[in-house]
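Participant: Here's my sequence, what's the structure:
(chains A, B, C and D)
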4 protein chains.
Amino acid sequence: MGDCTHMNKHHHLLLRGASSLTVSLCKRSGPTHLPPARPLFPSSGAGGTTTAAAIVSNFFSRHHHSILTSPHHHLPKTARMSTTTPSPVDLIEQSKRLAAFQSVTAHLVPFPSRTRIGIGSGSTVIYVVEAITTLVPPTTLSTMTFYPTGAQSEQLIESAGLNLQYINKLPPGTLLDVCFDGADEVDPSLNLIKGGGACLWQEKIVATSSKKFVCVADFRKMSPALGTMWKKGIPIEVLPLAANRVLGELERMGSLGPKVRPGLPGKAGAVVTDNGMWIVDAPFRPLRVEGTSDKEKGEWQVDELADALIKIPGVAEIGLFYGKNGNQAGEGGAQKPVEAYFGMEDGSVKVLSA
Amino acid sequence: MGDCTHMNKHHHLLLRGASSLTVSLCKRSGPTHLPPARPLFPSSGAGGTTTAAAIVSNFFSRHHHSILTSPHHHLPKTARMSTTTPSPVDLIEQSKRLAAFQSVTAHLVPFPSRTRIGIGSGSTVIYVVEAITTLVPPTTLSTMTFYPTGAQSEQLIESAGLNLQYINKLPPGTLLDVCFDGADEVDPSLNLIKGGGACLWQEKIVATSSKKFVCVADFRKMSPALGTMWKKGIPIEVLPLAANRVLGELERMGSLGPKVRPGLPGKAGAVVTDNGMWIVDAPFRPLRVEGTSDKEKGEWQVDELADALIKIPGVAEIGLFYGKNGNQAGEGGAQKPVEAYFGMEDGSVKVLSA
Amino acid sequence: MGDCTHMNKHHHLLLRGASSLTVSLCKRSGPTHLPPARPLFPSSGAGGTTTAAAIVSNFFSRHHHSILTSPHHHLPKTARMSTTTPSPVDLIEQSKRLAAFQSVTAHLVPFPSRTRIGIGSGSTVIYVVEAITTLVPPTTLSTMTFYPTGAQSEQLIESAGLNLQYINKLPPGTLLDVCFDGADEVDPSLNLIKGGGACLWQEKIVATSSKKFVCVADFRKMSPALGTMWKKGIPIEVLPLAANRVLGELERMGSLGPKVRPGLPGKAGAVVTDNGMWIVDAPFRPLRVEGTSDKEKGEWQVDELADALIKIPGVAEIGLFYGKNGNQAGEGGAQKPVEAYFGMEDGSVKVLSA
Amino acid sequence: MGDCTHMNKHHHLLLRGASSLTVSLCKRSGPTHLPPARPLFPSSGAGGTTTAAAIVSNFFSRHHHSILTSPHHHLPKTARMSTTTPSPVDLIEQSKRLAAFQSVTAHLVPFPSRTRIGIGSGSTVIYVVEAITTLVPPTTLSTMTFYPTGAQSEQLIESAGLNLQYINKLPPGTLLDVCFDGADEVDPSLNLIKGGGACLWQEKIVATSSKKFVCVADFRKMSPALGTMWKKGIPIEVLPLAANRVLGELERMGSLGPKVRPGLPGKAGAVVTDNGMWIVDAPFRPLRVEGTSDKEKGEWQVDELADALIKIPGVAEIGLFYGKNGNQAGEGGAQKPVEAYFGMEDGSVKVLSA
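Facilitator: Numbers count the residues shown, from 1 in each chain, chains lettered A, B, ... in the order given. You can find the predicted model right below:
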C-alpha cells in the first residue's frame, strides 16, 4: 500500500487494494502453533469468537517489505478449515487479526533487539500482542520493552509475559520505536478520534513519544470525515471544576449537545479518568480535512478545531489526534499514525498510509 | 401535618401522621401543583425482578417487633386518580414516594429553621427532596441547608432550588440534624451495604456527621442478612496500588471472588471514584447479625467483618455501615440509621426502627 | 485614575480619586475600626530584597504611555500617624493596600448588586478583600458572590464573611464581572507569570471566566520582560507520567534546567497540585514581547512560547497568561488583565493599563 | 547477629558478624571503591540539635532487655583514616551507615536469589541501598527485585541500578522477604510514627506486605514514648472533604492543636499526597505502651489510639505503626519492625529487637 497515494476521497481505490489483501489470509490459515484468539478483556467492539486457529503459517513469505498487494490471496483455506461457512463475526475477527499481523510485520521486521514498543488498547491491539509474541524470536523478544497506554494494555502486556515499562520511565531524549494503538474513528488523512475508553491523555502521550505510530482497527472505524461514524462526540478530558465552562465554550463553537460522560453502571455521577479528570463528549458536524470551514455553522476543519479546543482553559487533553505524523515530525510529537490497518467485514485488510 | 408536633420516640403517632400524610399526598397528587414523580438520575442498584413477598416474609420472620406496618397506606386517592388499575411499577413508585414523605414527616416536623440536612442518592431520595420542598414552608425552607453525598445528590439539591453546602464546610463541633440516604441492602439490625454507586466514602462521612441518619429505600433492599439480596459484594474503596494486596487479604478472609469494579462502558480499566480510588466488590456469605461466626468457613458477623476490613492497609473505607446508630452515639459518628423506610411492592410502607 | 469622578455618594471621600483615597485610608489607619494589615497566609514569591528603583526605571523605559503615575500618593498622613518614620516594610504594605483600594474603586464602583467577583491569592489580594468589605455597602455586599481561585482565597473569602461560590457553579453562558488576582511577574504588555503557589490552573480558569481581570501586586512583580524578575521558571502543570517527556521537550525548546518542583519540607517527592498534577518550573531567557525571536538560542516571544507549551502532550496548563485581555475578547477567555496595580517601594501606586 | 556464619566467600570478612563488618566497612571507607556518603535527597524530619545522650539514657532506662549493644562498633579504623578528629556530623553519618550495613547483614545474608525487598525512605535508607549494592554479589543482585515506598525510594532504587518493581505488582498471596525503612520516632516496643514525608500510606502497604520489616534510623528517632521526640503530631492521611470533621474528632480525643499540613513554599494551601489526600498532623501527649490510659485527659495507649483513629470516617491511613510484628503475624500484615537499628551520636549502633 505504498502506492496508496492514489486513494481518492471516496475510497474507491482502497477497495481494490483490500480485495487483493484478502488472498493473504488464505495461506495463513493452515494448522500451526498459533494459540486460539482469546480477548483478555471485555471489548467494547466485536466479540472474540474467532477460531483463526493459525493465521500465520506462511506469514513471512507473504510479507515482502511493506504493505502490498498480494493478488493471489483469497481465503479458501479458512473456509475449508471449518465444516461450515464462517460467520460474519468470524470473518471480522480474522481480518482484524490479519491486520494486526500485517502491521507488526511491516513495522517491526527485522525485529531489532531492544526495541521499545508502545501498546495501546482496543480489540485489534490484542492481536498485535499475539502477533508480536508469535513472530518475534524469544531471545529477541526478551530484549524488547513494552509501554502501555492504560490499565487494559498493561494487563495485556503482562498476560503475554512481555517486559512492561511505564512511559514516565522513558529516558529524556529517547523515543519509543513504534506504537500500536486502536482508534474510534479514522479519516482519510489519518486524523483520529480516540478516547472512547477515557484513556486519551495517556494514549496521546505514548503516541507522541514514538518515532512512528501505527493504527490498527476494524472497518467500522474508517470514515470519510471524523464525526461521521463516531457520533458520541470528540472525547475531551477536562478539569472537573471547569466542566461547565468548557461545555459553554463548546456550545459557542458549534458542538451539538456536549455532555459530561456518565459513570453508570459502575459509578454514579461522572466518569473519573485515571488522571482524576472528567470526560466531555462533544459532537460536532463531520470535520473537514480541507476546504473552507464555516465556523458560524459549526463546520470546522480538523486542525482548526483541535487548535481551538486545546487552548480552552480547563481542557487537559483532547481526543483528536491531528497535525503531523511520524514521517513529518523529526523528534517525536506526532499524533497521527503513519499507517492505519483495518480488518474488513469480508475478511480482508485495508491499509491507509500517510 | 401541622399536628405532627407531638410525635414521640416510639413513633406511636407516626401511624396517624402517616395516614394523614397519605391524604395530604393524595391531595397533592391531584390535578394541582405536585409535579409527577420523575427520577432525575438513572438509578443504580439491584434490578426489579425480585419477588417482594418472599423477601418480606423472610425479613419479618427474623424481625418482628420493630416493624411498623401501615395497613391503611395504600394511596387510595392516588389510585383513584387514574382510570386504570395501577401497574406494579406505579405501585412501587407510589410506595417509595410515600416512604419518603413519611420519613420526612417523622424526622423533620415541626421543620425547625436553620436545619442542616444531608441528602444522599438513590431513587427514593428523589422523593425525599420532593417531600421537603412540598412540606416545608418556603420561608423556613430558605433557612435550611442541604449537604450532598455526591454528584447525584448535589444536582438533586440544586435542581430543587435548595441551599447547597458541602460537608467540608460544616463547622467543627457541629453536626447535621438529619441525613436521608438510600442503601443497597438493609438487615434487620439496620446494618447496611452501600456503595453500589461508588460514593460510599462521602456517604459515610455525611451519615456520621449527622445526629441521626434515616434510610429510605424500596422493598428490594430489605434483607434477612447482608449478602442475601445484594450479591455483587461489599463495596470497598481501596488505594489502587494496594488493590492486589487487598484482594489477597479478602480471599484469605473468605470472600468469594472479590474483584476490582470495571469502568465500562464509559471507561476502560477500573472505576475511579471521586476520591481517586478504586472499588473492590467483595462477596461474602450472608453476614450474621448475632451468634457465633465461623471465620474458617468465611462466615462472619457484620461487626467483626467490618472491624477487620477497615484495618486492612490500602482500604480507605468500606461499604458496611455498622456499629452504633444516632440514638446510641452521642456526638455523631453513627453509621447505622435510626430508622429505615421501605416502599413496598403493594404500595404500602414498612418502617424498621432501631 | 483621576477620571473616577462617577463614584457614588456613599463614598464621597473617594470621589476625588486616588489622592482622596489616600486620605480615606489614613483615617482608617487611625485608631478606628480598620483592622491592621495582616497577611492571613504566608506569601510565596520573590523575596523583598530587590531594589524597586532599578526595576521601575527599566520598566518605564520600555513602556511610557500607559502608566498612570500618581505622584501625590505618598501616604503622608499615614506617615504622620506614627511618631516614627515608617519602615520600608510599612511603606510597601501601605502601598499594596492603596493599590488594592484603587483597583476596587476603579473596577467596582458604583458597586452594582449581584456582582460576581473572582478573588485570587497573593499578599495584595488580601487588601482587595479588605477594600471590598470596607467600601461596598453591606446590603449590596450581601448580594455579591465571590469565586476563589484556590484554597487560600477560599479561606480569605470565608474569613471576610463573604458569599462563597465555586467557579464550577457559574451558569454556562455567564461570566464573572471582574476578577482580582496577583501575579508572580508582569511585563509591560501585561503578560503574566503565575503559578508560584501551584494554583495556576484554577487561576486561569477563573480569570478567563471573567469579563475583565485586574491584577494587583507589588513593585517586585513589575518586569521589563518575563523571566527577568521571576527566575524560578515558568510554572507548568503536567501529568506526572508525562513529566520526563515534558522535561525533554522543554530542554529542546531552550529551557535552562527545567525541574519538577519538590514538595519538601511538607512532602517528600514532587509537589502535587490540587488537581493531582505536578509542577515543572521551566526557566527561559527573558521573553520578548515583540521583535523577532531566535528559538535556536532559546529566545522566545511570549505568545509563541505559550502556544508551543500548551500543545505539548502531558501539559495540563501553563503559568503564562497571554493573548487577549478583557477589552479585546468579547465573551470571556481573556488571560491578560486590563489593568495592573502595583504597590511601590516608596508608598505610591503604579497602574499599568492595557 | 553472631550466627551469621554461613555467609559466602565474597564477603568472608563479614562472616564473623557485625564486629567484623566494622572492619570490612572501614576498609571500604578507605581510599578504595566505596563512594562517599552522599544523601541523594534532602532529608525531612526532626533537626539534629537533640542531645543523644539524654535520649538514649531515657530510652534504655525504659527498655533494658532487648537492646543489643555493640561496644566494639565504634569505627576506630574509620576514625584512623582521617588525620583529624571526626566531626559529630561525620560520626553520626558513619554510625547510620554502619547501622544500615548491620541491618542488611543480619537480614539478607546469605543473600538468597530472587529476594523481594522493600526500600523505604529516609537518610539512613540511603546507606541500606549502598550496603545491598556493596555486599550482594552482582549475579545475585540482578535476580533481586526492589519495591519502593514512594518517589524518593523509587529514585534511590533506580539510581543504584537495581530492579524496580511496584507493590501493586506483587502477586496476590506472596510477600516481600524484607522491607527496610526509616521512621520518625520509635518507642521501646517498636511502635513507630511515620509520615513526616507524607508517604505513610504507601509505606504502610509495603511494610505490611513484607514477611519482616526492619527499621533503620538515627539516634534522634529513639524515644521512650511516641510523641516525646516527634512533636509535630501523628501524621494522618485524610480525605480533603472530611478534614474539618476529622479535626473535630481529634480534638475530642484530646489532640492538642491538630492541623492540616501546609504545602508552602512549593504549594499554597494544603499538602496533597501522592494519593490525592491531605495530611493532618495530630499532636497527642506521649503515648503509653502499657498501663492504664486516661482518655479523659487525652492520655492514650498506642494501640487504643491507633484503633480509634483508623475508624474515623474520612481517615484513609494513620502514621502509627503498631500491633504485631513480622514474628507474630504469620501471613504478612505486621506494621511493627522486628528490629530497629540506630546510628548513634558516638559512631556506634544500637539495635532494638522485638
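Participant: For the rest of this, base every contact and every neighbour count on C-alpha atoms.
Facilitator: Noted.
Participant: where along chain A do the strands fall?
Facilitator: Taking DSSP state E as the criterion, chain A contains strands spanning A:116-119, A:145-148, A:178-181, A:185-186, A:192-193, A:213-218, A:234-238, A:259-260, A:278-282, A:315-318, A:320-321, A:339-343, A:349-353.
Participant: closest to D:Ala354 out of the ones you listed?
Facilitator: Nearest to D:Ala354 among these is strand A:145-148 (43.0 Å), distances taken as C-alpha to C-alpha.
Participant: How far off centre is the closest one?
Facilitator: Strand A:145-148 has its C-alpha centroid displaced from the chain centroid by 16 Å (C-alpha atoms, centre = their mean, to the nearest Å).
Participant: what about that strand, near chain B?
Facilitator: No. Strand A:145-148 does not reach chain B (C-alpha under 8 Å from any C-alpha of the partner chain); its nearest approach is 12.4 Å.
Participant: can you tell which of the strands of chain A is closest to D:Glu317?
Facilitator: Between the strands of chain A, strand A:278-282 lies closest to D:Glu317; by C-alpha to C-alpha that is 26.4 Å.
Participant: Give me the nearest residue to A:Pro286, chain neighbours excluded.
Facilitator: Nearest residue to A:Pro286, sequence neighbours excluded (C-alpha to C-alpha, 6 or more residues apart in numbering or on different chains): A:Gly227, at 4.4 Å.
Participant: before we move on, back to that, with mean neighbour count, distance to chain D and mean pLDDT as added columns, please give the strands of chain A in JSON lines.
Facilitator: Shown next, in JSON lines, are the strands of chain A (neighbours: other C-alpha atoms under 10 Å in any protein chain shown; distance: least, C-alpha to the nearest C-alpha, whole Å; pLDDT from 0 to 100):
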{"stretch": "strand A:116-119", "mean neighbour count": "25", "distance to chain D": "18", "mean pLDDT": "98"}
{"stretch": "strand A:145-148", "mean neighbour count": "23", "distance to chain D": "14", "mean pLDDT": "98"}
{"stretch": "strand A:178-181", "mean neighbour count": "27", "distance to chain D": "23", "mean pLDDT": "98"}
{"stretch": "strand A:185-186", "mean neighbour count": "29", "distance to chain D": "33", "mean pLDDT": "98"}
{"stretch": "strand A:192-193", "mean neighbour count": "26", "distance to chain D": "30", "mean pLDDT": "98"}
{"stretch": "strand A:213-218", "mean neighbour count": "29", "distance to chain D": "27", "mean pLDDT": "97"}
{"stretch": "strand A:234-238", "mean neighbour count": "28", "distance to chain D": "17", "mean pLDDT": "98"}
{"stretch": "strand A:259-260", "mean neighbour count": "20", "distance to chain D": "22", "mean pLDDT": "98"}
{"stretch": "strand A:278-282", "mean neighbour count": "28", "distance to chain D": "16", "mean pLDDT": "98"}
{"stretch": "strand A:315-318", "mean neighbour count": "27", "distance to chain D": "18", "mean pLDDT": "98"}
{"stretch": "strand A:320-321", "mean neighbour count": "26", "distance to chain D": "28", "mean pLDDT": "98"}
{"stretch": "strand A:339-343", "mean neighbour count": "28", "distance to chain D": "33", "mean pLDDT": "98"}
{"stretch": "strand A:349-353", "mean neighbour count": "26", "distance to chain D": "37", "mean pLDDT": "97"}
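Participant: Which one of the ones you listed lies nearest to D:Met253?
Facilitator: strand A:278-282 (38.1 Å).
Participant: by contact count, what packs against that closest one?
Facilitator: On a contact count with 3 or more C-alpha pairs under 8 Å, 6 or more residues apart in numbering or on different chains; DSSP states H and E, strand A:278-282 meets strand A:234-238, helix A:243-252, strand A:259-260.
Participant: and A:Phe305, what is it in contact with?
Facilitator: Careful, residue A:305 is Leu and not Phe. Listed by C-alpha atoms under 8 Å, 6 or more residues apart in numbering or on different chains, A:Leu305 has no contact partners.
Participant: May I have the predicted confidence score for it?
Facilitator: We have a pLDDT of 97 for A:Leu305.
Participant: ok, the residue nearest to A:Pro286 - how many residues close by?
Facilitator: 22 (other C-alpha atoms under 10 Å in any protein chain shown).
Participant: Let me know the pLDDT of it.
Facilitator: The model's pLDDT for A:Gly227 equals 97.
Participant: Contact partners for it?
Facilitator: Contacts for A:Gly227 were tallied using C-alpha under 8 Å, 6+ apart; they are A:185, A:233-234, A:283-287.
Participant: quick one: which of the residues you listed is nearest C:Leu241?
Facilitator: For these, the nearest to C:Leu241 is A:Ile234 (23.2 Å; C-alpha to C-alpha).
Participant: And A:Arg285, how far from chain D?
Facilitator: 38 Å (C-alpha to the nearest C-alpha, to the nearest Å).
Participant: Please check the contacts of A:Gly227 and keep the buried ones.
Facilitator: Among those, those classed as buried by 16 or more other C-alpha atoms under 10 Å in any protein chain shown are A:185, A:233-234, A:283-287.
Participant: Figure out which of the helices and strands packed on strand A:278-282 is closest to chain C.
Facilitator: When these are compared by C-alpha to the nearest C-alpha, helix A:243-252 sits nearest chain C, at 5.1 Å.
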